[in-house]
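Engineer: one predicted model, sequence on top.
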Amino acid sequence: MSIQPRVVQVINAWCRGETRVLTEPLEEIWERTGHAGVPFQKEAVETLLVALQKEFHQPETRTIILVADDFKPSGTLNTVDDLVQAVNESRS
C-alpha cells in the first residue's frame, strides 16, 4: 500500500471519523469528528504523530521526524495533503 492511503487510514483512526477530502485542514477534521473538547495543538497532534510512527515503523522503516510545532498555527503542516507529503519526504 502506498503512503497516501496509509496516512489517510491513520488519520481516520486518529479522529474516529472519515477524511472527506485531502485538502481539508487536519484541525477541521479533528473538530468535525467531535473532538472540540480536546485541543488540536498539541494534544491531538502528538497523538497523531505517535500513530504515524507506529504505522510507518513496519514493514518499511520510515523515520517520522515531525513534531507538534510543524503543524499550524506554528508550522506549515495544515492539510491531509501536507501531511502525506511530509511523511513521503521522511527518511526511510
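Structural biologist: Now that the structure is in, tell me what you want to look at.

Engineer: contact partners for the closest residue to residue 33 other than its chain neighbours?
Structural biologist: Leaving out its chain neighbours, the residue that sits closest to residue 33 by C-beta to C-beta, 6 or more residues apart in numbering is residue 17, at 3.3 Å. Every residue, glycine included, has its C-beta placed from N, CA and C. Going by C-beta atoms under 8 Å, 6 or more residues apart in numbering, residue 17 touches 29, 32, 33, 34.

Engineer: pretty sure residue 17 sits in a helix.
Structural biologist: No. Residue 17: not assigned to a helix; according to DSSP: H, G, I helix; E, B strand; the rest coil it is coil.

Engineer: now do stretch 81-89, average pLDDT.
Structural biologist: Mean pLDDT, stretch 81-89: 95.

Engineer: got a list of contacts for that stretch?
Structural biologist: 3-4, 7-8, 11, 22-23, 26, 52, 56, 62, 64, 66, 70, 76-77.

Engineer: can you name the helix or strand that residue 23 falls in?
Structural biologist: If you go by DSSP states H and E, residue 23 is not part of any helix or strand.

Engineer: okay, now it: neighbour count?
Structural biologist: Residue 23 has 10 neighbours, counted by other C-beta atoms under 10 Å.

Engineer: quick one: it and residue 34, what's the gap?
Structural biologist: 21 Å (C-beta to C-beta, to the nearest Å).

Engineer: residue 16 - how many residues pack around it?
Structural biologist: Counted with other C-beta under 10 Å, residue 16 comes out at 9.

Engineer: residues contacting it?
Structural biologist: Residue 16 neighbours (C-beta under 8 Å, 6+ apart): 33, 34.

Engineer: and for residue 24?
Structural biologist: So residue 24 contacts 79, 80 (C-beta under 8 Å, 6+ apart).
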